[in-house]
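Visitor: Just need the structure, nothing else, for what follows:
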Amino acid sequence: MSAPEFSLTPGALHLASPRRRTLLLGAAAGAALVLAGCASSGMQGSAAPSSSTLFELRGATTVPTQGWIKAQISDPPGGDIYLAPRVALDASDVQRASAQKDAAGRAILVLQFSPVGTARLAAASREFMGRQLAAVLEGRVTNVARVEGPMTINTMALTGLSSFEEAVRLARLFPSR
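Guide: This next block holds a predicted model:
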């Protein structure tokens, strides 16, 4: 099975997924964009994701790649995904996290990145232009997206959580700075 596909073009959202699980970035003004992408420059760590790891963004592909880590996409239809060995962003890049609901009433986890995290996201999106990024929460690949343009905004909303309570629980695990 293949990973759900998403793409980003400035001002437009393109979904080709059987479910509407998306990895969203919102600008401070409230505009929402779908994210995709990750970078090797500035990546932190090189281990496989574990359930004790709160949050990571990694390069991703559905094609087996030497040195990349095989994982499963947690959202149906599931399937294999291969994660870059190094992390582009992690929980230390998050300045604030909050649980919210989107316009349809679905739970989302909103992450606001620090200036350093925002710079890492921008570098990641340039490095992985046209390729994929995976969001990993507590060791689970929750979202996969394709980079279609440079990402310079500092807010990301992860959708497709099982409940609002899960979003609240996850938000509380991020330290406020």
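Visitor: what's the longest strand in the chain?
Guide: If you go by DSSP state E, the chain has its longest strand at strand 80-90.
Visitor: Ramachandran angles for the residue located most distally from the centre of the chain?
Guide: Distance from the C-alpha centroid of the chain peaks at Q66, with 22.3 Å (C-alpha atoms, centre = their mean). When read as degrees, to the nearest 10, the backbone of Q66 gives phi -60, psi 130.
Visitor: same question, the one 4 residues further on
Guide: Note on K70: backbone dihedrals following degrees, to the nearest 10 are phi -70, psi 130.
Visitor: State the distance from it to T62.
Guide: Distance of K70 to T62, given as C-beta to C-beta, to the nearest Å: 11 Å. In this view, the C-beta of every residue, glycine as well, is placed from N, C-alpha and C.
Visitor: okay, the two: which has more neighbours?
Guide: The neighbour comparison of K70 against T62 (other C-beta atoms under 10 Å) goes to T62, with 16 against 11.
Visitor: pretty sure that one contacts G79?
Guide: Yes: with contacts counted by C-beta atoms under 8 Å, T62 reaches G79, the gap being 7.3 Å.
Visitor: one step back: then the longest strand of the chain to CSV, C-alphas only?
Guide: The C-alpha coordinates for strand 80-90 follow below in CSV (Å, rounded to 0.1, in the frame of the first residue of the first chain):
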residue,chain,number,x,y,z
ASP,A,80,5.3,1.0,4.7
ILE,A,81,7.2,4.2,4.8
TYR,A,82,10.9,4.7,4.9
LEU,A,83,12.2,7.5,7.2
ALA,A,84,15.4,9.5,6.8
PRO,A,85,18.0,8.4,9.4
ARG,A,86,18.3,12.0,10.6
VAL,A,87,15.6,14.2,12.2
ALA,A,88,14.9,17.6,10.6
LEU,A,89,12.9,19.0,13.6
ASP,A,90,11.9,17.6,17.0
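Visitor: And the next helix or strand past it?
Guide: Next in sequence after strand 80-90, counting helices and strands by DSSP states H and E, comes strand 94-101.
Visitor: who's in contact with that next one?
Guide: The contact list for strand 94-101 (C-beta atoms under 8 Å, 6 or more residues apart in numbering) reads 55, 107-114, 117, 154, 157, 164, 167-168, 170-171, 173-174, 176-177.
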